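Peer 1: prediction below, plus the sequence it came from.
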Amino acid sequence: MSRVFRSIGVLVLAILVAGYIHLKPYLAAMGIGRSVESIGTGNCSIVPDLQACEKIVLHQPSGLLYLACSTLHSRLQWMPAIGRFNATGMSEDDHVAVYDYETNSITRLTFTGLSSPSGISLHGMDVVISTQEPSTLYVYLVNHRKPASGDPSRVGADSVIEVFETRLGDSELRYLRTFEDPTVIITPNDVVGSPDGKSAYFTNDHAQKSGLKRDLGVLIQPYDTSVGFCHADYGCTFAYHGLHASNGIVKGLGHDNDTYYIADCMLGEITVLKRGPDHALLPNEVIKTGFAADNLAIDSNGALWVAGLTDVLGFISRKFEDPSAHVSSTGLRVTVNSDLGPAYGKRYNVDKVFEDSGRLASGITSVVYDSQRERLFMHGVVSTHLTVCKL
């Protein structure tokens with residue numbers, strides 16, 4: 001009998017070791033055992049009137065910042081991306097705000113023409129300058145509506161992508177259309193829109209809206225997330241399958257750029273895809289950052305900015321219980337290494353430009369850099385304020 005127990009013990013130990021080896025790179029990227037530095041914190045200020053803004057987008061010509069915001073209480077109740085499905089706590093106050101750093105003023109944009117009986121719950125966002133009229137902006141919003149029927153914890157959110165039009169300086173978002181297809185728009189996280197208001201790419205952060213298979217993904221770590229594409233005239237389709245924990249998405253600098261970057265919010269990698277025929281995206285390369293990544297942004301110099309999830313476990317376990325909790329944050333800048341070609345050295349430089357224990361910037365999910373005015377903006381889905389640093 002003792003031999004049987006020893007055999008069982010050896011088997012259990014082998015399983016534990018194998019599990020640790022499997023999860024080790026994920027645990028490292030999620031910040032387990034990481035030391036936090038203080039970098040870029042010397043000239044920063046906060047804007048406490050802007051709260052719970054998951055995604056921020058810079059309008060580079062004007063320096064205005066667009067933010068997709070909610071309420072702190074609502075984020076704790078209804079956040080489908082992390083399995084928070086209490087629809088009774090869903091906000092009735094989600095909105096897009098515009099922040100002007102020069103005047104320290106905030107303009108809250110009003111939705112006009114949108115009928116959404118199931119509510120508005122904002123997540124990812126893109127703000128795109130029209131190629132026809134530079135003062136016209138197209139605003140793409142991920143909206144996690146509550147389901148029309150059924151238990152949300154069982155059926156998930158009824159998520160769609162809303163498209164609006166506004167003009168620089170306006171106080172309204174005029175409704176254009178809703179992309180709605182539950183077979184493709186499964187668990188949308190972030191979105192990249194076109195400059196004509198008619199199409200968008202978006203990430204699905206899970207392959208299932210809810211259920212046991214989705215829950216087991218934390219242990220299995222499957223490569224089953226995706227990028228979808230929707231067009232006003234042709235409907236929706238999958239552009240790319242087989243991603244791991246896809247989160248933020250951003251397009252390379254310039255309207256004609258065919259490169260798309262996809263963040264991995266667990267493994268710390270950025271997948272680089274190129275647009276191919278029929279709006280399909282084709283694999284190009286992978287950038288390793290060492291940090292679990294949330295939203296991405298491109299500055300006017302072409303540098304890629306990454307909201308690093310420095311402490312994923314603290315973010316999920318503490319920040320989503322108490323938004324005032326301090327959770328460390330990191331802002332990364334990724335640039336092409338011009339000194340060494342890929343055959344002779346690393347292809348990209350990954351620089352830690354900002355890092356804080358959570359005192360100034362806590363649990364950030366979005367970071368953008370105004371390279372013209374040298375300002376770094378950071379916010380988070382359950383952050384109590386916007387952080388602005390002069391760099």
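Peer 2: Perfect, I can see it now. Numbering: from 1, shown residues only.

Peer 1: run through this protein and note the low-pLDDT ranges.
Peer 2: 1-31, 33, 340-345 (pLDDT under 70).

Peer 1: rerun that using 50 as the cut-off
Peer 2: 1-22 (pLDDT under 50).

Peer 1: in the stretch 201-350 of the chain, what residue spans correspond to strands?
Peer 2: 225-231, 235-243, 246-251, 259-264, 269-275, 281-288, 293-298, 304-308, 329-336, 348-356 (DSSP state E, counting those that start in this stretch).

Peer 1: let me know which of the ones you listed is tucked in deepest.
Peer 2: strand 304-308 (a mean of 27; mean count of other Cβ atoms under 10 Å). (Each C-beta comes from the backbone N, C-alpha and C, glycine too.)

Peer 1: what pairs with that one, parallel or antiparallel?
Peer 2: strand 293-298 (antiparallel), strand 329-336 (antiparallel) (DSSP bridges).

Peer 1: and of the ones you listed, who's closest to residue 112?
Peer 2: strand 293-298 (26.8 Å; Cβ to Cβ).

Peer 1: between that closest one and strand 269-275, how many degrees?
Peer 2: 50 degrees (axes from the mean of the first three to the mean of the last three Cα atoms, to 10 degrees).

Peer 1: and strand 293-298, how far out from the chain middle?
Peer 2: 6 Å (Cα atoms, centre = their mean, to the nearest Å).

Peer 1: mind putting the strands paired with strand 304-308 into TSV with distance to residue 96?
Peer 2: Putting the strands paired with strand 304-308 into TSV (distance: least, Cβ to Cβ, whole Å) gives the following:
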stretch	distance to residue 96
strand 293-298	15
strand 329-336	23
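
Peer 1: mind checking the ones you listed for the one nearest to residue 195?
Peer 2: From these, taking Cβ to Cβ, the stretch that ends up closest is strand 293-298, at 14.6 Å.

Peer 1: the closest one versus strand 281-288: what angle between them?
Peer 2: Going by the same axes, to 10 degrees, strand 293-298 makes 110 degrees with strand 281-288.

Peer 1: who touches strand 293-298?
Peer 2: 54-55, 57-58, 124, 190, 247-253, 261, 263-265, 268-270, 304-309, 332, 364-369 (Cβ atoms under 8 Å, 6 or more residues apart in numbering).

Peer 1: of the strands of the stretch 201-350 of the chain, which approaches residue 200 most closely?
Peer 2: Of all these, strand 225-231 comes closest under Cβ to Cβ, at 5.7 Å.

Peer 1: now the angle from that closest one to strand 269-275?
Peer 2: 30 degrees.

Peer 1: give me the helices and strands touching strand 225-231, please.
Peer 2: Counting contacts by 3 or more Cβ pairs under 8 Å, 6 or more residues apart in numbering; DSSP states H and E, strand 225-231 packs against strand 199-204, strand 235-243, strand 246-251.

Peer 1: the spatially closest residue to residue 110 that is not a sequence neighbour: neighbour count?
Peer 2: Leaving aside its chain neighbours, residue 110 sits nearest to residue 172 (5.2 Å; criterion: Cβ to Cβ, 6 or more residues apart in numbering). Per other Cβ atoms under 10 Å, the neighbour tally for residue 172 reads 14.

Peer 1: which stretches in the stretch 1-150 of the chain count as helices?
Peer 2: 2-29, 72-77 (DSSP state H, counting those that start in this stretch).

Peer 1: burial count for residue 339?
Peer 2: For residue 339, using other Cβ under 10 Å, the count is 9.

Peer 1: whoops, residue 167 was the one
Peer 2: Neighbours around residue 167, by other Cβ under 10 Å: 12.

Peer 1: ok, residue 182 to residue 126 distance?
Peer 2: 21 Å (Cβ to Cβ, to the nearest Å).

Peer 1: ok, those two, which is more surrounded?
Peer 2: Neighbour comparison, residue 182 and residue 126: the larger count goes to residue 126, with 26 against 14 (by other Cβ under 10 Å).

Peer 1: what's across from that one in the sheet?
Peer 2: residue 140.

Peer 1: residues touching it, list them.
Peer 2: Per Cβ under 8 Å, 6+ apart, neighbours of residue 126: 57, 139, 140, 190, 191, 192, 193, 200.

Peer 1: quick one: those residues as JSON lines, columns for neighbour count too.
Peer 2: Formatted as JSON lines, the contacts of residue 126 follow (neighbours: other Cβ atoms under 10 Å):
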{"residue": "57", "neighbour count": "25"}
{"residue": "139", "neighbour count": "23"}
{"residue": "140", "neighbour count": "27"}
{"residue": "190", "neighbour count": "29"}
{"residue": "191", "neighbour count": "25"}
{"residue": "192", "neighbour count": "22"}
{"residue": "193", "neighbour count": "24"}
{"residue": "200", "neighbour count": "25"}
